Every structure is written in C-alpha cells, then in structure tokens.
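Engineer: turn this into a model:
(2 chains)
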Amino acid sequence: MRRACFGPGQQKGVAALVRRIDSLGVALGIAAGALVAHGSVAEGSHPSVTELIAYSFPAHDWAPMSHREGHNGEGASNLPVYYGGVAVAPGGFDGTHPFNQGYDACGGSTPRWSNMQAAASASNSSTRNKPELPDWPSGLLMATAGCGVSPNGHTFMTTFVSATSAGSPGYSYHLQASPSQCAQLGQPSPCGDWKTMTEVQKSWWDAAGRTDFNRQQVLMHEWGHQWGLADRCYSEPSWTHNGQDCGWPGTLAYQPVDRQALFEIYQR
Amino acid sequence: MFGPRVVRKLAAVLLPSSILAAVVFGALLHDGARSQEPPRAAASDDEWINIIRETKASIAKTPLAPPSVPDGGVLTYDCADIPATAKLTQSSSVSSPDGKSGRTEFDFVDFAAIREGKPYTLVVPWGAAAQTCANDSWTRMVNASSDLESRLHAVQRDQQHICDQVRLMADGRQRTDVSLHPMSPRVAREYLAAFCP
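Structural biologist: Numbers count the residues shown, from 1 in each chain, chains lettered A, B, ... in the order given. Predicted structure coming up:
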C-alpha cells in the first residue's frame, strides 16, 4: 500500500476516502449483518485505495465544472473542455478589468502558442485511458478556441501579464458562475466556474535561459489549479507541488496522484 | 446461555425494529442516491425554459451562501491570521445571486513545514475596508478585491456580454463567442426576458 504524506491539508482527501470506505463498510455490514470497522476495511479489504489527494473545492464548496455541480466529464454540456482561453482579446484586457491587464497569448517574442499547445497535448495524453479515470477515457480535453476570445466568456483562459497578482511566475483564479450564467449553460445553479484564469508573468517567461520545458511546467501546474487541484507537497511526484518548496515532476505528464485528484473532483 | 423463550422475546423486540431500521435505511440510501445524481443540462427547449424561469424566481430569495471552512485548515476574515511563511496560491470569487455583492476567497498554504502545508482561506467581502497584510503581494490582492466597484463592473460586463450574444441568437443569428451555449430563438427570447432587462 503506497502512502503519501498526510498533512492537515489533506483531510478532505481523508474524508473522501473515509466516505468511500464507509460505503463499502455499510454494504458489507448489511450483507454480513455485522459492523465493519473502518480501519479493518481500509487496511484489509480495500488495498487499492492508496492515496490522499488535495483539490480546491473543499475551501469553497464548489469547483470548476466538477462532478458536484453535475459535470461528469462526458457530454456536450459536461465536458470540461479548455474553452479557448489561450488568449485574450487582441488588445488585451481593458483597463477596467479587476485583475491585471493581459496580453495576446498568440503573439509575443517567444512561442507562447506552441508551448501551450504542447502543454495541452501533455495534459491529454497523461490523462487519457488511465486506470485512475476509468469513466473518463478521453482525459482532459482542451479544445482551443483560438486567439482573441472574449475575456467575458465562459473561459478557461491563460493570459500573459507584466506582474501576476501574487508576484509569482504563475497565478490562477476562479470566478463562480452566477445563477443567470448557469441558466445560459442550460443548467441549474450552482454549475461550477464561469471562468478560470491563469496569469503568466511575461518577464519570467521571456527570461534568458528559460527553456520551453520550464514554461510548460508552469502551464501544467497552473492549469492543474484551473482543473481544481490545490497546492500540496507529496512524497511522490505531483503537479500540485508548487515548484519552489517542492519541485515539479521531471516529465510533462499528470501523475497518478494528480489523476486520483481529478477522479475525486469529476467522477467520484 | 439463553433459553428459547428469551430468544423468542428478543426476536419479537429486535426483528420489527430491524425491519423498520432497514426500511428507513433503505429510504435514506434511496434519497442519498438520488441526491448524488448530478443535475443535467437541459435536454430540450422546454426544459431549458423551465430552468430559466426557476432560476429567475429563485434569485430574489437565495442569499449568498456562507464560505465553507477548509477541512483541516483555517478560514479567516483577517489577514493577520495568515502566517508570514504562507504563500498565496490561488483565489476564487463569487457574487451574490442578484449580483449586488460578493466576496473573494484567497487560498494560502503555509509551506514552513513543507510536507504538512496547512491551508488557510482568507475571505474578503467585496467593498470591505482594505486590510494590511504582512506580505506585499497579499496586500495588493486583498486591496484589489476590496474594490467593490471593479468587481461589480466585471460581473456586469460578463452578463452584458452574455446578453449581447443571446440577442444574436434570439434574432436567429449565430453567436460569435463559441464558449456560450447555442440557444434556439425561443430559449434566447426567454433568457433575454429573464436576465437582460
């Protein structure tokens, strides 16, 4: 049985596992007419439940397009696709946007577009047909809508800024869909995020010696936030690592613990 | 240990209660299963119109839900509670159903103990007085979120954008923003009447 570090921050993951184990325990209890101790079930008869994982919605009680809001990873309305958001309007955000003014993700002196395409491809290939996502064989599909999409749309967006809101190379934020926005999607409220935004600091991106691998690492991490993953350090590789206090994986692929987190968010 | 009479008496007491418990438990299970079933997107125009009408009716009486306490972490309204070793990792914003108020929740993780990173969520209602935090980047974020006007403008711009797109569809034309869901003219007119005065 593999073990990850069990910090206080993973207690939601613990709770999720206990619930899963509870369900098994109740079923066994009914069938056998006996009480089943959680511990004995966890250790004895359910060894496939291995990891504790972290994701964002415990703190907010909602998540971007999560199962809780009715998104199961399938279907035209449920598919958590990458809505366009590789770019903002050609002129960037207007100056009244509450966050930083953004820049066209298709242009620039460095290949923003190709790196995002590469990161999107890695996101899909490392989540497609994986055992941790049994009912989601397509994996993370990130359908780009090209450059110049509206920042006011239903977006999963990446933008390049002079300074991120947190002063770090990357930063992500979410805006929950309002009831009227859910209604536009044909769904009752709550229905997840209306938009999620990743900011990438241009000076970091363009710095001398910065490699495309570094750039794609930032995208994998920040997009993980957009999908609902939190920041946590594990003893095994994960894109929830913050890249500073705990390093990122050496391969551009979502790791087993990341996929388990996605399962918790979208499919459990 | 027990004679037949004791067993029969026990059975007479326990069996009905067991059956009752099973029935109640079964009902709970059924309800539980039902509540777990995810809501689906509208499958027809009629269903979509019902969702629009029900949403419109519910907005006035639905308050903004309180923030939830992060499991194993700290929920606070005061950035003085956030340790200096914590880092801002992401934020989330939610407006009230009527769009007149809202809040931003800032997620921090205290990486002082790397493998035991304690999560903190700082809640800042839109329009709240600016807070002084121990870290410049937090201060910038928290102050920005306190700007009720800019947040409300952002929410209003998003809704205005939706209304502009829905008007196209009400006229039988194609939307230009593919991130919005396509509507029939009938559904679009219903949406305009409900949310685009």
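Engineer: for the chain, what spans make up the strands?
Structural biologist: Let's take chain A. A:155-161, A:170-176, A:193-201 (DSSP state E).
Engineer: think we crossed wires, I meant chain B
Structural biologist: Under DSSP E, chain B gives strands at B:74-76, B:86-95, B:102-110, B:118-125.
Engineer: run a quick neighbour tally on residue 160.
Structural biologist: Using chain A here. 25 (other C-beta atoms under 10 Å in any protein chain shown). Any C-beta I mention is one placed from the backbone N, CA and C, and that applies to glycine too.
Engineer: right idea, wrong chain: chain B
Structural biologist: The burial count for B:Gln160: 13, using other C-beta under 10 Å.
Engineer: enumerate every residue touching the nearest residue to it once chain neighbours are set aside.
Structural biologist: Spatial nearest neighbour of B:Gln160, chain neighbours left out: A:Asn152 (7.6 Å); criterion: C-beta to C-beta, 6 or more residues apart in numbering or on different chains. By C-beta atoms under 8 Å, 6 or more residues apart in numbering or on different chains, the contact set of A:Asn152 is B:157-158, B:160-162.
Engineer: name the nearest of those residues relative to chain A.
Structural biologist: B:His161 (3.6 Å; C-beta to the nearest C-beta).
Engineer: look up how far B:Thr176 lies from the closest residue to the closest one other than its chain neighbours.
Structural biologist: Once flanking residues are discounted, B:His161 sits nearest to A:Asn152: 3.6 Å by C-beta to C-beta, 6+ apart. Using C-beta to C-beta, to the nearest Å, one gets 12 Å for the distance from A:Asn152 to B:Thr176.
Engineer: now A:Glu236
Structural biologist: In terms of C-beta to C-beta, A:Glu236 sits 45 Å off from B:Thr176.
Engineer: more neighbours: which of those two?
Structural biologist: A:Glu236 (14 against 11).
Engineer: could you measure from that one over to A:Cys246?
Structural biologist: 11 Å.
Engineer: what do you get for A:Glu222?
Structural biologist: Taking C-beta to C-beta, one finds A:Glu222 at 16 Å from A:Cys246.
Engineer: between the two, point out the one with more neighbours.
Structural biologist: A:Glu222 (25 against 19).
Engineer: the more buried one contacts A:Gly170, doesn't it?
Structural biologist: Yes: using C-beta atoms under 8 Å, A:Glu222 is in contact with A:Gly170, at 4.2 Å.
Engineer: quick check: neighbours shared by these two?
Structural biologist: A:198, A:200.
Engineer: wait, A:His154 sits on A:Leu185?
Structural biologist: Yes: if you go by C-beta under 8 Å, A:His154 and A:Leu185 touch, sitting 7.0 Å apart.
Engineer: so what's in contact with the two at the same time?
Structural biologist: A:Ala177.
Engineer: so which of those two has more stuff around it?
Structural biologist: It is A:His154, of A:His154 and A:Leu185, that has more neighbours when counted by other C-beta under 10 Å, with 26 against 22.
Engineer: what's the pLDDT at that one?
Structural biologist: Note on A:His154: pLDDT of 76.
Engineer: next one: A:Pro256
Structural biologist: Taking A:Pro256 on its own, its pLDDT is 92.
Engineer: neighbours around A:Ala120, how many?
Structural biologist: Counted with other C-beta under 10 Å, A:Ala120 comes out at 22.
Engineer: leaving out chain neighbours, which residue sits closest to it?
Structural biologist: A:Met142 (4.1 Å).
Engineer: hmm, the one you found is touching A:Ser123, no?
Structural biologist: Yes: under the criterion of C-beta under 8 Å, A:Met142 lies in contact with A:Ser123, with a separation of 6.1 Å.
Engineer: between these two, tell me which one has more neighbours.
Structural biologist: Taking other C-beta under 10 Å, A:Met142 and A:Ser123 do not tie; A:Ser123 has more neighbours (26 against 22).
Engineer: give the contact list for that one.
Structural biologist: A:139-140, A:142, A:220, A:223, A:254.
Engineer: now, of these, which are buried?
Structural biologist: A:139-140, A:142, A:220, A:223, A:254 (16 or more other C-beta atoms under 10 Å in any protein chain shown).
Engineer: in helices, which of those residues fall?
Structural biologist: A:220, A:223 (DSSP state H).
Engineer: which one of the buried ones among the contacts of A:Ser123 is nearest to chain B?
Structural biologist: Using C-beta to the nearest C-beta, the buried ones among the contacts of A:Ser123 come closest to chain B at A:Trp223, 11.8 Å.
Engineer: need the residues of the stretch 151-268 of chain A near chain B, please.
Structural biologist: Within the stretch 151-268 of chain A, the positions adjacent to chain B are A:152-155, A:165-168, A:171-176, A:178-189, A:191, A:194-195, A:225, A:230-235, A:242, A:244-246 by C-beta under 8 Å from any C-beta of the partner chain.
Engineer: domain parsing of chain B, as residue ranges.
Structural biologist: As assigned by automatic domain parsing, chain B contains the domains B:1-38, B:45-61+B:152-195, B:74-146.
Engineer: still on that earlier bit, quick one: the residue nearest to B:Gln160 from A:Ala119, how far?
Structural biologist: 24 Å.
Engineer: ok so, going back, in PyMOL, how would I select just the buried ones from the contacts of A:Asn152?
Structural biologist: The following PyMOL line selects those of the contacts of A:Asn152 that are buried, judged by 16+ other C-beta under 10 Å:
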select buried, chain B and resi 157+158+161+162
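Engineer: tell me which two of the contacts of A:Asn152 sit farthest apart.
Structural biologist: Spanning the widest gap among the contacts of A:Asn152 are B:Arg157 and B:Ile162, at 9.9 Å by C-beta to C-beta.
Engineer: residue contacts, B:Arg167?
Structural biologist: B:188, B:192, B:196.
Engineer: what do you get if the cut-off is 10 Å, keeping everything else the same?
Structural biologist: B:173, B:175, B:188-189, B:191-192, B:196 (C-beta atoms under 10 Å, 6 or more residues apart in numbering or on different chains).
Engineer: which ones, among the residues you listed, also lie beside chain A?
Structural biologist: B:175, B:188, B:191, B:196 (C-beta under 10 Å from any C-beta of the partner chain).
Engineer: which of the residues you listed tops the neighbour count?
Structural biologist: B:Tyr191 (27 neighbours).
Engineer: residues touching that residue, list them.
Structural biologist: Going by C-beta under 10 Å, 6+ apart, B:Tyr191 touches A:180, A:183-184, A:186, B:48-49, B:51-52, B:55-56, B:162-163, B:166-167, B:169-170, B:183.
Engineer: let's see 6 Å
Structural biologist: Shown in contact with B:Tyr191 (C-beta atoms under 6 Å, 6 or more residues apart in numbering or on different chains): B:52, B:166.
Engineer: relative to A:Thr159, which of the strands of chain B is closest?
Structural biologist: strand B:86-95 (14.8 Å).
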